[in-house]
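Colleague: just coords:
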Ligand SMILES: CC(C)(COP(=O)(O)OP(=O)(O)OC[C@H]1O[C@@H](n2cnc3c(N)ncnc32)[C@H](O)[C@@H]1OP(=O)(O)O)[C@@H](O)C(=O)NCCC(=O)NCCS
């Protein structure tokens with residue numbers, strides 16, 4: 001599967017008390033990037049959706065400022081029976097710098113299906129990369 005792309009402009013409401021991008025906001029955007037990759041991956045499966053099960057190896061490498069763009073690249077790196085592992089690289093883009101790796105993490109999603117009681121239960125996705 002090809003790299004999935006997603007972008008966000010850092011607005012003042014995304015900042016922490018130092019005036020730079022709040023880490024929790026970055027993680028939230030990475031989660032959305034991962035879910036876009038998983039959405040494409042599951043299109044032909046029986047799963048209704050996928051839920052975030054784990055976030056690993058998160059690293060904040062560079063400070064991102066209000067007014068910067070953050071360009072996310074999501075790549076599915078492995079799959080299991082119900083699990084899908086996605087590597088997310090978040091690159092900052094400013095007036096001066098085109099592309100600097102700002103943050104990286106590995107997300108594990110689990111494919112789910114809604115049962116008759118409206119509860120989402122794990123389901124095998126039967127898909128390969
Ligand atoms: C997602 C959920 C339905 C999974 O159901 P479950 O019966 O608990 O299943 P498990 O998590 O034990 O296993 C599912 C898969 O995740 C993998 N897994 C479990 N823990 C993991 C971890 N810490 N890291 C990576 N993979 C993990 C398992 O190996 C399994 O993979 P496989 O099916 O490919 O072999 C359930 O855990 C859940 O609802 N969690 C809350 C999800 C949530 O609210 N997310 C935040 C909002 S999206």
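Modeller: On my side now, so go ahead. These figures come from a predicted structure and were not determined experimentally.

Colleague: CA only for contacts and neighbour counts going forward, please
Modeller: Will do.

Colleague: just checking, residue 123 touches residue 115?
Modeller: No - using C-alpha atoms under 8 Å, residue 123 is not in contact with residue 115, being 10.6 Å away.

Colleague: For these two, indicate the residue with more neighbours.
Modeller: residue 123 (20 against 9; other C-alpha atoms under 10 Å).

Colleague: Please name the bridge partners of the residue nearest to that one when sequence neighbours are not counted.
Modeller: Residue nearest to residue 123 in three dimensions, not counting chain neighbours: residue 112, with 5.1 Å by C-alpha to C-alpha, 6 or more residues apart in numbering. Partner residues in beta bridges with residue 112, using DSSP bridges, are residue 49, residue 122.

Colleague: Settle this for me: residue 112 is touching residue 118, isn't it.
Modeller: No - the pair residue 112 / residue 118 is not scored as a contact, 11.5 Å apart, by C-alpha under 8 Å.

Colleague: can you list the residues of this protein near the ligand?
Modeller: When proximity is defined by C-alpha under 6 Å from any ligand atom, the chain lies next to the ligand at 51, 52, 53, 54, 80, 81, 82, 83, 108, 110, 121, 122.

Colleague: Filter these down to the buried ones, ChimeraX style.
Modeller: Filtering the residues of the chain next to the ligand down to the buried ones (16 or more other C-alpha atoms under 10 Å) takes a single ChimeraX command:
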select :51,52,82,83,108,110,122
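
Colleague: Reformat the residues of the chain next to the ligand as CSV; add secondary structure and pLDDT.
Modeller: Converted to CSV, the residues of the chain next to the ligand look like this (DSSP: H, G, I helix; E, B strand; the rest coil; pLDDT from 0 to 100):
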residue, secondary structure, pLDDT
51, strand, 98
52, strand, 98
53, strand, 98
54, strand, 98
80, coil, 98
81, coil, 98
82, coil, 98
83, strand, 98
108, strand, 98
110, strand, 98
121, strand, 97
122, strand, 98
